[in-house]
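Student: turn this into a structure:
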Amino acid sequence: MEPIKRFEELECWKAARILVKTVYEYAQTGELSRDWDTKSQIKRAALSVMNNLAEGFGRFGDKDSLRFYDIAKASTFEVKSMLYVLEDVNYLSTEQLIHLSKLTETTLNLTLGWIRHLTKTPKH
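Tutor: Numbers count the residues shown, from 1 in each chain. Below you'll find the model as predicted:
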C-alpha cells in the first residue's frame, strides 16, 4: 500500500467532509434553521472534525499529529451529543437524525482506525 501523501486521501477526512456537508444542508431546514446558537454549535463541531484531521496530517511529529486526531475524535462525540439535542427538541426528522448518526459513527470509526494505524505502525 502506498503511503498517503495528502490529507484528502484519508478515509476519515472524506467521511468528515460528507458529515459537514450534510450538517450544513440540514441546518438550513425547519426549526434548526431559526435557532442560531444550536445551528452554529453543531456546524462548528462537525467542522472541527474535518479540519483537525487535516491539521493533524499537516503536522511533522506523530505526537503532535495524534493530538489533533484526538481532538477530531472528541468532536465527533460532540456532534453525536448534539444529535440528542436535535432529537429532544424535534428540530430534525427521524430520517435526518438516523442519517446524521450513521455518518457520525462512520467518521468516528474511520478516525479511530486511523489513530490505531498510526500508533501501531512500527517506526523506521
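Student: do you know how far the most centrally placed residue in the chain is from T111?
Tutor: Ranked by distance to the mean C-alpha position of the chain (Cα atoms, centre = their mean), the top residue is V49 at 3.6 Å. As judged by Cβ to Cβ, to the nearest Å, V49 and T111 stand 8 Å apart. Just so you know, the C-beta spots here come from the backbone N, C-alpha and C atoms, and that holds for glycine as well.
Student: got any residues that touch both of the two?
Tutor: Among the neighbours of V49, those also in contact with T111 (Cβ atoms under 8 Å, 6 or more residues apart in numbering) are A16, A72, T76.
Student: and the residues you listed, which is closest to T119?
Tutor: Using Cβ to Cβ, A72 is the member of the shared contacts of V49 and T111 that lies nearest T119, at 14.7 Å.
Student: just to revisit the earlier point, look up which helix or strand the residue nearest to the centre of the chain falls in, please.
Tutor: Taking DSSP states H and E as the definition, V49 sits inside helix 36-57.
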